[in-house]
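Asks: Give me a 3D structure for the following:
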Amino acid sequence: MELSLQNLNKAAVNNGVIIGILSAILGIVIFYTAPALFGSMGFGIGNMVFLLLVYIYFTLDLRKKIGGYWNFRQALKGIFLMAFVAGLIVAVFNFIFYKFIEPGAFATISGHVEEGLRSTFENMGMDEDAADQTVAKQIEQMRSQFDPTIKDFFTNLGIAIVVEFVLSLIFAAIFKKEAPIFAPSENDEA
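Replies: Residues are numbered from 1 along each chain as shown. The predicted structure is shown next:
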């Protein structure tokens, strides 16, 4: 397939929709089957590694769909568009899910997170007063994710866009692949 911005945009949007839906489904499954995992640092790290691998897979898939070659600018555009679409789907889904479908989710999740944080800080030997303050700050920061207002939604979306762009810059630098200048001709191969 010949590289074109139209093919790149379409493939990036499709991959972004797949990633967004996959992330949303993963969130629902974890919330209903094992909400205590939200309080586990190991789960948080594992989830980030899993999503990183998903993005790597779909970035390579995107490059393959447009012909196998792209320069830095094309890679950045495609990867950022893919990440933006995925992030937008997850943000809208989370807002609707936690605000209207499961409005009590914050209480459930914050209890698990508080328990997990206290256990972690205890194992680290942190002072109880310092641990209480740190846990209270973390729980309050979580409120914007699991009990969002409209302002929280747009704030979270803005932060997500900045993070997605920075990660897209890194991915574009890693996964760019310029077409060879001197491609072998059919006569040379015979």
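
Asks: From here on, just use CA atoms for contacts and neighbour counts.
Replies: Fine.

Asks: tell me the pLDDT at the residue lying closest to Phe146 once chain neighbours are set aside?
Replies: Excluding its sequence neighbours, the residue lying closest to Phe146 (CA to CA, 6 or more residues apart in numbering) is Phe106, at 5.1 Å. Model confidence at Phe106, given as pLDDT, is 86.

Asks: Report the distance from the helix or strand where Phe106 lies to the chain centre.
Replies: Using DSSP states H and E, Phe106 sits within helix 105-124. Averaging C-alpha positions (CA atoms, centre = their mean, to the nearest Å) puts helix 105-124 22 Å from its chain's average.

Asks: One more: stretch 91-107?
Replies: 18 Å.

Asks: likewise stretch 46-65?
Replies: 10 Å.

Asks: buried residues in that stretch?
Replies: Buried residues in stretch 46-65, defined by neighbour count with 16 or more other CA atoms under 10 Å: Tyr55, Phe58, Thr59, Leu62, Arg63, Lys65.

Asks: From the structure, what's the count of residues near the spatially closest residue to the second one that is not a sequence neighbour?
Replies: Among residues not flanking Phe58 along the chain, Asn15 sits closest, at 6.4 Å (CA to CA, 6+ apart). Asn15: 24 surrounding residues under other CA atoms under 10 Å.

Asks: what is the orientation angle of the one helix or strand Asn15 maps to with helix 105-124?
Replies: According to DSSP H and E, Asn15 maps onto helix 5-33. Angle, helix 5-33 to helix 105-124, by axes from the mean of the first three to the mean of the last three CA atoms, to 10 degrees: 80 degrees.

Asks: Now do helix 5-33, average pLDDT.
Replies: 92.

Asks: Packing partners of that helix?
Replies: helix 41-65, helix 72-96 (3 or more CA pairs under 8 Å, 6 or more residues apart in numbering; DSSP states H and E).

Asks: May I see those organised as CSV, with distance to Lys10 added?
Replies: Output for the helices and strands packed on helix 5-33, formatted as CSV (distance: least, CA to CA, whole Å):
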stretch, distance to Lys10
helix 41-65, 10
helix 72-96, 9
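
Asks: any idea which helix or strand comes after the helix holding Phe106?
Replies: helix 128-146.

Asks: Which positions within that following helix qualify as buried?
Replies: By neighbour count, with 16+ other CA under 10 Å as the criterion, the buried positions of helix 128-146 are Ala131, Asp132, Thr134, Val135, Ile139, Met142, Arg143, Ser144, Gln145, Phe146.

Asks: who's in contact with the last one?
Replies: Same thing as Phe146. Shown in contact with Phe146 (CA atoms under 8 Å, 6 or more residues apart in numbering): Asn94, Phe95, Tyr98, Lys99, Ala105, Phe106.

Asks: need those residues in TSV with neighbour count, can you?
Replies: Listed next are the contacts of Phe146 as TSV, based on neighbours: other CA atoms under 10 Å:
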residue	neighbour count
Asn94	22
Phe95	21
Tyr98	17
Lys99	19
Ala105	17
Phe106	20
